[in-house]
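>>> one predicted model, sequence on top.
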Amino acid sequence: MSFEVKDHDGLGRIGVFSVNNKSITTPNIAVVVNPNELIIPVDEMVSDFGVDLIITNAYIIRSSKVGKEIEKVGLHKFLKFPGIIYTDSGTYQMFSKGGVEISNEETLSYQAKIGSDIHTPLDLFTTPGDDYETAKSKLAETTKRINAIKSVNFSAPIQGGVFMDLRKEACNAVSKVPASVYPIGGIVPLMINYDFKRLIEVVIACKKELPFNVPVHAFGAGHPLIFALLAYAGVDLFDSASYALYAREGKYITETGTKVVKELQTLPCDCPVCSKHKPSELTEGLLARHNLHALMREVRLIRTAIAEGRLFELVYSRAMSHPSVFHAFKKLLESNGFISESDPVRKSSALFYSGELCASRPEIFYANSRLAALGFKKPPKPLKLIYPFGQSMGWDVTYSAKKYSDIDSLRLLADYQFGVNAGSALLLGGERLVYSSTGRLHQAFSGNELLFVLRASDGYFALHKAGAKRLKKFLKKVFVPDEFREFYIKGGNVFSKHLLKADSDIKPKEDVGVFCGKELIAVGEAVLAGKAMTHFKKGLAVEVREGIEN
C-alpha cells in the first residue's frame, strides 16, 4: 500500500492511493455493490461512470446464493472489476440484527479467500446512544481485534462513539498498526439524524491524532450533500449504496438534497439519463443510474475545487442548501487554526468573501496571525500585493494610510512571508529592481545575481539562491542526509522518504530551505505541510527551485 498527496485545500487533499498494483485518485467514493442485486452491472460502472473503487459486504456474500461461486473464482473475476475492491466485515448488518453470526478471525479469513484488496475486521459498532463505559468496552474489544489482524492490506476502524477522548484513544491505537485505510465508524446514526455538527466534531478529533500517510474513510457517508464538507475536514474516502437504495424508493439524488421523482416537473440534471428522459420515464434502473452519476459528479467537483483552491467556496454553496450543513461548517471553522496548518500559504484563485463564515476562513486566520506577528492592527498598503489581501473579492479591508517606498514595500512583504527583519536581510540597499511592463515590482538583483521573483499571481517571493543565502536564518527548514547532498545541490527534488526532519510550521506552497546539517544546499517550495512530510514514504516533500553550492 502507498499513499501520495499531490495537492491541498483546507484539510482536503488530492492523493494517489495504491494497493495491490491498483491505483485510484482521492477523494473518491467506494460504490457499494451487492453481488446478489446488481441494479447496475459492475462493468458498466467502470465504462459509463468511471468507478474505480467498490466496497462489498463479506458477511452478505458468505451467506448468499453467489457466495460459493465467488469463493471459487474470486471477487475481481466474478464482478469483472479491475479496480480496488474493499470488503466490509458486516459489522453494521450484524448490529442491526442484534447478534453476531461470525467471528473476527472467520470474516478476515473469508475476505482473504474471496480476494478483496482491503479487508476489514469485525469491529464493535458504537452508537451515539451508548454510554461512556459501553463505548469504552467496545473500543477495547475493537482494538484487540485490529491488533490480531495478519492481513497485508486492511482497514483499522475507529470507534469511540461521541466521546472525543475515546476517539483520540482509538486513533492512537490504530496509528500503531500498518493499516491501509482508517475508517471512522459509528457515524451512520449521526448522518441519518442530520447531526452533521457532531459528525464534524468526531472527524476533527480523529484528524488531529491520525498519521497523514493513510487515507481516512467516513464509513457510511453516502450522500453528496456532505461530501464537500467532509473533504474539507480531511476525509479522503466515502462509500454509498444510496444510488440503489434511493432508486427503489423513487428518490432522486441531487448535490443539495433528495427529491421524490414523482413530484418533479423537470429533471434538474444533464447526466446521460436525465438528458434523454422525462421524470415519468425514470424506472428504478434509470433512477439508480442518475443517482450514481450524481455521486460521481460531486466527487469530481471536489477534486477540481481542491486543485483550483476553491474547496471552501464549494462547501459554502452546499452549506447554503441546508441548515444542518451550515452549522456543521460553522463548527468546522472553529478549528481554523488547525486547518490553516495544512492549508496552502497561497492559492491560484482569488478568495471570494461571500458571507459570514468567510471571516473564519483559514486563509484569513493565517493572514491576521501574520499581521499580529508584525505588530500591525491594520494591514499596510504594500500587502495589497500579497495573497489573500490582493487576490480577493468582497473582502472589505481597511489599510493603514502610511506610504512606503518600493524598497520598503518589498522589505515589508519579505517580513510578512519570512518573519520580522527578513526584509532588511534580503534587501540591503543598492539592489537593482526590475518592473513588469505594467509597472509592477517583479524582480531584484544584486549585481548579476537574481535574488527573487515577486509572483504577479499572488505577491509571494520565489527565492533564488542568492536571496535564499541572505535569508538562511529566516527560512523554515527541511533536513536531508549527507548521502543525497550532491543530488540536491544539482537541483534534485526532495522526496519525503529521504527526509530526516522538517520544521513543523511549514505550510504547503511555502518557500523553504533544504539543509544538510547547518549547510543550506537548496531552496524550493514545500509540497506538504511540515508536520506531514516525514510521515510519507512516497511523493515529493519539496519541489526544489535551485540548488546552492557553497
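That came through, no problem.

>>> all contacts plus neighbour counts: C-alpha atoms, from now on.
Fine.

>>> run through the protein and note the low-pLDDT ranges.
Confidence mapping of the chain against pLDDT under 70 gives the ranges 92-100.

>>> ok, 50 please
Nowhere does the chain drop to pLDDT under 50.

>>> grab the longest helix from it for me.
Longest among the helix segments of the chain by residue count, using DSSP state H, is helix 284-308.

>>> which secondary structure elements does it sit against?
Helices and strands touching helix 284-308, by 3 or more CA pairs under 8 Å, 6 or more residues apart in numbering; DSSP states H and E, are strand 2-9, strand 12-19, strand 28-32, helix 42-49, helix 227-232, helix 242-248, strand 251-254, helix 311-319.

>>> which residue is the nearest non-sequential neighbour of A305?
Computed as CA to CA, 6 or more residues apart in numbering, the closest residue to A305 that is not its neighbour in sequence is L311, at 4.7 Å.

>>> sorry, wrong one. I was asking about V188.
G220 (5.6 Å).

>>> just V494 next, same as before
Closest residue to V494 apart from its sequence neighbours, by CA to CA, 6+ apart: V542 at 5.0 Å.

>>> distance from the centroid: which residue in this structure tops it?
G430 (45.0 Å; CA atoms, centre = their mean).

>>> residue contacts, it?
Residues counted as contacts of G430 (CA atoms under 8 Å, 6 or more residues apart in numbering) are S446.

>>> ok, it to A30 distance?
Separation of G430 from A30 (CA to CA, to the nearest Å): 60 Å.

>>> L287 too?
19 Å.

>>> between the two, which is the more surrounded one?
Legend: neighbour count by other CA atoms under 10 Å for L287 and A30, higher for L287 (26 against 23).

>>> for the stretch 1-150 of the chain, which segments count as helices?
42-49, 58-62, 67-73, 75-79, 91-97, 104-113, 132-147 (DSSP state H, counting those that start in this stretch).

>>> list the buried ones in the first one?
Applying a neighbour-count criterion of 16 or more other CA atoms under 10 Å, the buried positions in helix 42-49 are V42, M45, V46, F49.

>>> wait, the last one sits on L295?
No: assessed by CA atoms under 8 Å, F49 is found out of contact with L295, at 9.8 Å.

>>> overlap in contacts of those two?
With CA under 8 Å, 6+ apart, F49 and L295 have no common neighbours.

>>> who's in contact with Q417?
Q417 touches Y460, F461, counting by CA under 8 Å, 6+ apart.

>>> same question for F212.
Contacts of F212 (CA under 8 Å, 6+ apart): A532, H535, F536.

>>> what do you get for K537?
K537 touches S2, N213, S496, K497, counting by CA under 8 Å, 6+ apart.

>>> change it to 7 Å
The contact partners of K537, taken as CA atoms under 7 Å, 6 or more residues apart in numbering, are S496, K497.

>>> tell me which element it is part of?
Using DSSP states H and E, K537 is not contained in any helix or strand.

>>> what's the answer for the one 5 residues further on, then?
Assigning secondary structure by DSSP H and E places V542 in strand 540-547.

>>> give the other helices and strands that that strand contacts.
strand 494-495, strand 519-526 (3 or more CA pairs under 7 Å, 6 or more residues apart in numbering; DSSP states H and E).

>>> possible to save those as CSV with mean neighbour count?
Below are those laid out as CSV (neighbours: other CA atoms under 10 Å):
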stretch, mean neighbour count
strand 494-495, 22
strand 519-526, 26
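
>>> these: which one's closest to A425?
Closest approach to A425 among the helices and strands packed on strand 540-547 (CA to CA): strand 519-526, 16.1 Å.

>>> name the strands paired with the helix or strand that contains Q443 and say parallel or antiparallel.
Assigned by DSSP H and E, Q443 belongs to strand 441-446. Strand 441-446 pairs in its sheet with strand 432-435 (antiparallel), strand 449-454 (antiparallel), by DSSP bridges.

>>> for the helices of the stretch 1-150 of the chain, which one ends up most surrounded?
When the helices of the stretch 1-150 of the chain are scored by mean count of other CA atoms under 10 Å, the highest mean neighbour count falls to helix 58-62 (a mean of 21).

>>> name the residues that touch it?
G67, T87, D88, S89, G90, Q111.

>>> kindly report the same for stretch 401-413.
Here stretch 401-413 makes contact (CA under 7 Å, 6+ apart) with P382, L383, G423, S424, L427.

>>> tell me the buried residues in that stretch?
For stretch 401-413, the neighbour count (16+ other CA under 10 Å) marks I407, S409, L410, R411, L412, L413 as buried.

>>> what of stretch 48-56?
Neighbour-count burial for stretch 48-56 [16+ other CA under 10 Å]: F49, V51, D52, L53, I54, I55, T56.

>>> by neighbours, which of the contacts of F212 wins?
Within these, most neighbours by other CA under 10 Å means F536, with 23 neighbours.

>>> wait, doesn't L433 sit right on G447?
No: with contact defined as CA atoms under 7 Å, L433 does not count as touching G447 (10.8 Å).

>>> who has more neighbours, these two?
Neighbours were counted for L433 and for G447 using other CA under 10 Å; L433 has more, 13 against 10.

>>> list the beta-bridge partners for the closest residue to the more buried one other than its chain neighbours.
Spatial nearest neighbour of L433, excluding adjacent residues (CA to CA, 6+ apart): A444 at 4.5 Å. With DSSP bridges as the criterion, A444 is bridged to L433, F452.

>>> who's in contact with A444?
E431, R432, L433, V434, L450, L451, F452, V453.

>>> list the contacts of the first one.
Read it as E431. So E431 contacts A444, F445, S446 (CA under 7 Å, 6+ apart).

>>> distance of the first one from G524?
So that's A444. From A444 to G524 the distance is 18 Å (CA to CA).
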